[in-house]
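Student: any chance you can model this:
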Amino acid sequence: MKKMGLIRKRVLMVWLFGITMQLVFHGGCSEKTPYRRNLREINIQEPLLPNNAVKLNESNHKLVVDNGIISVTLSIPEGYIIGISYNGIDNVLEVGNKEQDRGYLDVVWNKPGKSSLFERIHGTKFSIITKEENLVEVSFLRIWESYMSGANVPINIDTRYIFRGGDSGFYSYAIFDRPKGLPAAEVDQIRIVFKLQGKRFNYMAIEDNKQRSMPTLRDRKAGQNLSYPEAVLLSNTTNPQIRGEVDDKYQYSIENKDNKLHGWISIDSNSPIGFWMITPSNEFRNGGPIKQDLTSHVGPITLSMFVSTHYAGKEVTMSFEEGETYKKVFGPVFVYLNSATNKDNSLSLWSDAMNQLSKEVKSWPYDFPRSKDFIQPNERGKVLGKLLIQDRYINGGKLQYAKNAYIGLALPGDAGSWQRESKGYQFWTRTDLKGQFTIENIVPGVYNLYAWVPGFIGDYKYNTSILMTQGGVMNLDKLVYIPPRNGPTLWEIGFPDRSAAEFYVPDPYPTLMNKLYNDQPKEQFRQYGLWERYVDLYPNNDLVYIVGINKFKKDWFFAHVTRHIVNKIYEPTTWKIIFEHQHDILSGNYTLQLALASAKDAELQVRFNDPSINPPHFTTGKIGGDNAIARHGMHGLYWLFSINVPSYHFVKGNNTIYMKQPRAINPFQGVMYDYIRLESPYS
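Tutor: Residues are numbered from 1 along each chain as shown. Sure, this is the predicted structure:
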């Protein structure tokens, strides 16, 4: 034993001498010198001392993986995360829950035409993929068999976990594989769930300005149910400071492009810890960069949403035909834990987690996952170019830079199909002020290039498919988007950005508020019950907007909703746009460009100067299932309708456009407008 201790001491002395010499050669120590856990970033190899190694211990159908910082216990062969030990805490997960209800991967799916089923993915085969001193990857595979038909989603699912020495956390990802011959299925949701200790984690953080002490599950159960089950009035809480507020998990939704970090802090502890979900890439999520989804919410629960129908509805369902093959890697994501020395420093855990997020993003795509299906950095490609825009009625039709445009690759389809696409990978970026873009880290495959530009309607699609090869670089040079346009603008309402946020969002009811958003006017739309304010503002007659007099920021209600009469009885509403045509009517067709930011079980009927004509001059038909009105979102899916209006429908002088939403069963039916423009015939 003395000899082993002497050897260990000598190894440690050699390592310290090496570090000292590195500091000397780099000019000595400074305030910028990285902490020990960041040595990897400056190419100083950490010594492989025994306490840095990743250890495995398998017994009693459980696997314990310990890297000296965290210890994770998983069930064998299911792959449920039973426990996470960190910083002297035996288990940060909720031990009051059953073992399969603490950390897991789940799927919501259905057979075509059948009801949805919730399924926790239950592995049937455990294997160790990699076992190195400083890296361990384990697999929990569930192979679909014919006897599972109707009960389990017909996909082979491999749930994997990666543990590295020196990491204050672990990585998780899943491989979904459909070989030939599997039955048809529809998948609505794929996610990772962690349920934390309710008595310990009481402070949630999802963005710099979205952090707060949270109610407990008991608080919700003791509260008053509101108009839909996710929303509860906290009428009886253990914390008096949040009593009387509304809690709703959808109030904490974020767009995919921003949904990179969220989690919890045990803020009341003398030794606070943080539990964080870090998502370094959106390539495996569905619906594109501005699709909204859940983050963390009361439980305390932390989610990693890979696929969902939230803010979109069944239009984004992953639909597999009989025998259709498929393979995709979801993740990896990083579960990160950190700690502070005392209660006063607890909020510094968010800043530290943000720093860790930056490191993970810089490291993407990771080079350590050992699945052949996860494409390594040197196998990925790049597309670059410049996007210009041309509108013959703006700047004399001269080409202009498509500034801050969203541009990306997704599976082949029609222009704009990316927002309803859920099966493939998507790779997005924003153009700079000169329209230049670089899309990096692209998985090899066949794609279409799509784009849309704030300030302009419609969707761009590059005219040919893009075949991305391993390590390929493709320069598309100059691309030109010509947005929909049939004539000069007579008038317009709103700003074309696929959101209703620029319209009038009313003040919330004082008795139905979430205080997190009290001092955030740009986030006021996240308050509960705003749809009911329509009747308060328009008690007898519906909205009338006079072009040239009214201002959309204060006179155009953010959502075209139903009218509550009495006892949960609702009626349709008809909005009017009144405008004056000062000159003689031109022959030919006028064009009403009608862009919607959201629709829920709605139908928009448009009539010109005749409110009773039937059928209407135009109808969308029944559209939408995004539920953005009820779920505090300023947008769901984008809809654009270019409506030809024969000139005989208008007169010189005052004209009225009637916009009716005739479907009225509940308060959440309706549409949100993005932008409306009337164009005169081409001249």
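
Student: ok, Tyr406 - contacts?
Tutor: Shown in contact with Tyr406 (C-beta atoms under 8 Å, 6 or more residues apart in numbering): Gly288, Pro289, Ile290, Trp428, Arg430, Ala451, Trp452, Val453. Backbone N, C-alpha and C define where each C-beta goes, glycine included.

Student: how many residues are close by the third one?
Tutor: By other C-beta atoms under 10 Å, the residues close to Ile290 number 19.

Student: again, but for the fifth one
Tutor: Arg430 is flanked by 14 other residues according to other C-beta under 10 Å.

Student: need phi/psi at it.
Tutor: Backbone torsions for Arg430, taken as degrees, to the nearest 10, come to phi -120, psi 140.

Student: now the buried members of the contacts of Tyr406.
Tutor: When neighbours are counted using 16 or more other C-beta atoms under 10 Å, those contain these buried positions: Gly288, Pro289, Ile290, Trp428, Ala451, Trp452, Val453.

Student: would a markdown table of those residues with distance to Leu141, pLDDT and secondary structure be doable?
Tutor: Output for those, formatted as a markdown table (distance: C-beta to C-beta, whole Å; pLDDT from 0 to 100; DSSP: H, G, I helix; E, B strand; the rest coil):
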| residue | distance to Leu141 | pLDDT | secondary structure |
| --- | --- | --- | --- |
| Gly288 | 30 | 98 | coil |
| Pro289 | 32 | 98 | coil |
| Ile290 | 34 | 98 | coil |
| Trp428 | 31 | 98 | strand |
| Ala451 | 39 | 98 | strand |
| Trp452 | 40 | 98 | strand |
| Val453 | 44 | 98 | coil |
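
Student: now render those residues as TSV, adding distance to Glu523.
Tutor: Conversion of the buried ones among the contacts of Tyr406 to TSV gives the following (distance: C-beta to C-beta, whole Å):
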residue	distance to Glu523
Gly288	22
Pro289	19
Ile290	16
Trp428	24
Ala451	27
Trp452	23
Val453	25
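
Student: chain center to the helix or strand hosting Leu387, what's the gap?
Tutor: Assigned by DSSP states H and E, Leu387 belongs to strand 381-389. The chain centroid and the centroid of strand 381-389 are separated by 24 Å under C-alpha atoms, centre = their mean, to the nearest Å.

Student: and the next helix or strand past that strand?
Tutor: Read in the C-terminal direction, the helix or strand following strand 381-389 is strand 400-401, with elements assigned using DSSP H and E.

Student: please enumerate residues in contact with that next one?
Tutor: Where contact means C-beta under 8 Å, 6+ apart, the residues beyond strand 400-401 that reach it are Lys386, Leu387, Leu388, Ile389, Gln390, Ile394, Thr431, Leu433, Lys434, Gly435.

Student: please pick the buried ones from those residues.
Tutor: Of all the contacts of strand 400-401 considered here, the ones buried according to neighbour count by 16+ other C-beta under 10 Å are Lys386, Leu387, Leu388, Ile389, Gln390, Thr431, Gly435.

Student: on that earlier part again, okay, the contacts of Tyr406 in TSV with distance to Gly165 next?
Tutor: Compiled in TSV, the contacts of Tyr406 are given as follows (distance: C-beta to C-beta, whole Å):
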residue	distance to Gly165
Gly288	37
Pro289	35
Ile290	38
Trp428	34
Arg430	37
Ala451	43
Trp452	44
Val453	46
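
Student: name the nearest of these relative to Glu571.
Tutor: Distance to Glu571 across these (C-beta to C-beta) is lowest for Ile290, with 32.7 Å.

Student: measure the closest one to His649 for me?
Tutor: Distance from Ile290 to His649, counting by C-beta to C-beta, to the nearest Å: 35 Å.

Student: by pLDDT, rank the contacts of strand 400-401 and give me the bottom one.
Tutor: Lowest pLDDT among those: Ile394, with 94.

Student: how many neighbours does the closest residue in space to that one that isn't next to it in sequence have?
Tutor: Ranked by C-beta to C-beta, 6 or more residues apart in numbering and with sequence neighbours excluded, the top spatial neighbour of Ile394 is Gln400, at 7.5 Å. Applying other C-beta under 10 Å, we find 14 residues neighbouring Gln400.

Student: how about Thr619?
Tutor: Counted with other C-beta under 10 Å, the burial measure for Thr619 works out to 16 neighbours.

Student: now the one 3 residues further on
Tutor: Around Lys622 there are 12 other residues, counting by other C-beta under 10 Å.

Student: ok, now Ile70?
Tutor: The burial count assigned to Ile70 is 20, neighbours taken as other C-beta under 10 Å.

Student: thought it was touching Ile89?
Tutor: No: with contact defined as C-beta atoms under 8 Å, Ile70 does not reach Ile89; the gap is 10.2 Å.

Student: Leu141 versus Glu315, what's the distance?
Tutor: Glu315 sits 31 Å away from Leu141, going by C-beta to C-beta.

Student: of those two, who's got more company?
Tutor: Counted by other C-beta under 10 Å, Glu315 and Leu141 do not tie: Leu141 has more neighbours, with 19 against 16.

Student: what secondary structure does that one sit in?
Tutor: Assigned by DSSP: H, G, I helix; E, B strand; the rest coil, the conformation of Leu141 is strand.

Student: do you know the pLDDT at it?
Tutor: Here, the pLDDT recorded for Leu141 equals 98.

Student: let me see the contact set for it.
Tutor: With contacts defined as C-beta under 8 Å, 6+ apart, Leu141 is in contact with Gly123, Thr124, Lys125, Phe126, Ser127, Asn156, Ile157, Asp158, Thr159.

Student: please repeat the previous calculation with a cut-off of 7 Å.
Tutor: Contacts were defined as C-beta atoms under 7 Å, 6 or more residues apart in numbering; by that measure Leu141 touches Gly123, Thr124, Lys125, Asp158.

Student: how about the nearest residue to Lys55, chain neighbours excluded?
Tutor: Setting aside the residues directly before and after it, Lys55 is nearest to Asp66 in space (C-beta to C-beta, 6+ apart), at 4.7 Å.

Student: most widely separated two among the buried ones among the contacts of strand 400-401?
Tutor: In these, the most distant members under the criterion C-beta to C-beta are Gln390 and Thr431, with 15.1 Å between them.

Student: gap between Val383 and Phe427?
Tutor: The value you get for Val383 to Phe427, if C-beta to C-beta is used, is 8 Å.

Student: do you know how far Asp219 is from Leu233?
Tutor: Relative to Leu233, Asp219 is positioned 11 Å away (C-beta to C-beta).

Student: quick one, which of these two is more surrounded?
Tutor: The residue with more neighbours, out of Asp219 and Leu233 and counting by other C-beta under 10 Å, is Asp219; that gives 21 against 18.

Student: mind checking the SS state of the more buried one?
Tutor: Under three-state DSSP, the three-state class of Asp219 is helix.

Student: for it, which non-adjacent residue is spatially closest?
Tutor: Beyond its immediate neighbours in the sequence, the residue positioned closest to Asp219 (C-beta to C-beta, 6+ apart) is Thr237, lying 4.4 Å away.
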